[in-house]
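>>> need a structure here:
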Amino acid sequence: MIRARRARIVATLGPASRDPSRVRELANAGADVFRVNFSHGSQAEHARTIQAVRAAEPGVGRPLAVLADLQGPKLRLGEFADGVVRLRPGQAFRLDMRREPGDASRVRVPHPEVFACLRLGSVVLLDDGKVRLRVLAHGPDHADTEVESGEQLSDHKGLNLPNLSVPIPALTEKDRADLAFALQEGVDWVALSFVQRASDMAELRGLVQGRAAVLAKIEKPAALESLDEILDLSEAIMVARGDLGVELAPEEVPVFQKKLIRAARLRGLPVIVATQMLESMTHSPTPTRAEASDVAGAVYEGADALMLSAETAAGDYPLEAVSMMDRIITRVEQDPRWPELMRAEYPVEDADADALVAAARKASESSSTACIVAFTTTGQTALRLARERPLQPTLGLTPNLDTARRLALAWGVEPRVIAEVAGPDDLARIAVEQAVETGLAPPGQRVLILAGLPLGSPGAANILRLAHTPRR
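Numbering: from 1, shown residues only. Now for the predicted structure:
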């Protein structure tokens, strides 16, 4: 099943969509990657969800990826004696570590790391920014604050500290258990939440040990200060605009979104834009015009993938949400101005392999070229090609099913699993056969072949060949 679009769709699975038949419908509607959110549900439920994706794959006819999204160290308040309290601007409100249930004057914060990083005048945001506090005094186990805005708080609401780096491990004990489980289940991607520094990704990579690809979720402003180092240790990133939007001013979020997309694209890392893409479709069969424009904007910027969260996990119209996103992406990519906007800047060619891949992209612009066929073992050749954003489709051929599934996230790449290639003389034959079989190359068209010798050895592409499909 070949899609008529290059940008990919990530769909979150949950109570509204984890049934095997629904997963198959979402894949047929255009979902490429399925996100399993470990912030909710049990491991037994996640196991059934992953099995549903694997069961859907043969019928869809293309590799499907599973993305395990770890919960991360979400900071939360304790409980209130009555469940809910009323606040008023200007009142005093204390954060402390006492175990007693809270009231309208105080509440427990069971994270000593929060108090360790507070400063006089620091802003504390509660419940996704609905309540704003200003720190007047603080100690190792408490903070006296003034309510600047907000009227209500309830149990276990989230806590954010804008512009402060909280010295808390990126992987909690729950995350470690969930990671071990996810790797055992054979997920293709692992996303780490609330990344703040490069050491967070280094720790994740050390635990994963190549059994899945690793993705950094950028949702803390602190991560922006060491972005290059984080990208060095990541195989993809997610622009997680939810928590990022809580800690940044609203007008800053689009600016940082563009910065993150550009940084990822220059490195050839897949980048996902996430959060509230089609939020109204959680309970409506159609999106707002603003949401449609938001999705289109990310496509024009050249994002590799766009993600649906509550829309498909818990919404009333999961299938309609995927179909709508597919329609918007497809329409944008039919815009005559889309290529010049999406390809406004190219990465710097810093190696011979980059130069060869750039040459393949330029050669593919000939009207007689039907597609590019990239032979790849680890996926790097196909990802280098995706970084160049060729307008002709890329067929990524690999003998490794894990590689094919990971490439489901890559812009414009149609991954397929093939048998090991016996020798260089077989490259043209296999490339043409696969291009014709998938419908990417009609009779008499040119196929560009990108590969690395020796075959089967991980490394950079070093040959570029031409072949033609037979005429009828």
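>>> buried stuff in the worst-scoring helix or strand of the chain on mean pLDDT?
Least confident helix or strand, the chain: helix 352-363 with a mean of 81, by mean pLDDT, DSSP states H and E. Neighbour-count burial for helix 352-363, counted by 16 or more other C-beta atoms under 10 Å, picks out 353-354, 356-358, 360-361, 363. Heads up, the C-betas are built off the backbone N, CA and C, glycines and all.
>>> after it comes which helix or strand?
Of the helices and strands lying after helix 352-363 in sequence (DSSP states H and E), the nearest is strand 369-375.
>>> Please list all residues in contact with the nearest residue to Ser364 once chain neighbours are set aside.
Leaving out its chain neighbours, the residue that sits closest to Ser364 by C-beta to C-beta, 6 or more residues apart in numbering is Gln392, at 4.3 Å. Gln392 sits next to 364-365, 369-372, 448 when contact means C-beta atoms under 8 Å, 6 or more residues apart in numbering.
>>> Would you write a ChimeraX line that selects the buried entries of these?
The ChimeraX command for the buried members of the contacts of Gln392 (criterion: 16+ other C-beta under 10 Å) is given here:
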select :364,369,370,371,372,448
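>>> Could you dump the contacts of Gln392 into TSV and include distance to Pro20 and pLDDT?
Output for these, formatted as TSV (distance: C-beta to C-beta, whole Å; pLDDT from 0 to 100):
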residue	distance to Pro20	pLDDT
Ser364	38	86
Glu365	42	85
Thr369	39	90
Ala370	35	91
Cys371	32	93
Ile372	34	95
Leu448	38	94
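>>> Nearest to Gln184 among the contacts of Gln392?
In terms of C-beta to C-beta, no member of those lies closer to Gln184 than Ile372, at 35.8 Å.
>>> For the closest one, give the beta-bridge partners.
According to DSSP bridges, the partner residues bridging Ile372 are Thr394, Leu448.
>>> doesn't Leu397 make contact with it?
No - in this structure, Ile372 is not within contact of Leu397 by C-beta atoms under 8 Å, at 10.9 Å.
>>> Give the residues shared as contacts by those two.
By C-beta under 8 Å, 6+ apart, no residue touches both Ile372 and Leu397.
>>> hmm, back to that, so which of the contacts of Gln392 comes closest to Glu320?
Cys371 (31.1 Å).
>>> Phe34 versus the closest residue to the closest one other than its chain neighbours, what's the distance?
Computed as C-beta to C-beta, 6+ apart, the closest residue to Cys371 that is not its neighbour in sequence is Leu440, at 4.2 Å. Distance of Leu440 to Phe34, computed by C-beta to C-beta, to the nearest Å: 24 Å.
>>> These two: who's more crowded?
Legend: neighbour count by other C-beta atoms under 10 Å for Leu440 and Phe34, higher for Phe34 (28 against 21).
>>> Give me the helices and strands touching the helix or strand harbouring that one, please.
If you go by DSSP H and E, Phe34 is part of strand 33-37. Packed against strand 33-37 by the contact rule (3 or more C-beta pairs under 8 Å, 6 or more residues apart in numbering; DSSP states H and E) you find strand 8-13, helix 20-29, helix 43-60, strand 65-69.
>>> Format these as CSV; extra columns: mean pLDDT and distance to Trp411.
CSV is the format used below for the helices and strands packed on strand 33-37 (pLDDT from 0 to 100; distance: least, C-beta to C-beta, whole Å):
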stretch, mean pLDDT, distance to Trp411
strand 8-13, 98, 7
helix 20-29, 96, 18
helix 43-60, 96, 19
strand 65-69, 98, 14
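>>> can you list those in JSON lines and add mean neighbour count?
Formatted as JSON lines, the helices and strands packed on strand 33-37 follow (neighbours: other C-beta atoms under 10 Å):
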{"stretch": "strand 8-13", "mean neighbour count": "28"}
{"stretch": "helix 20-29", "mean neighbour count": "19"}
{"stretch": "helix 43-60", "mean neighbour count": "17"}
{"stretch": "strand 65-69", "mean neighbour count": "27"}
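>>> To Ala274, which of these lies closest?
That would be, of those and by C-beta to C-beta, strand 8-13, which comes in at 7.4 Å.
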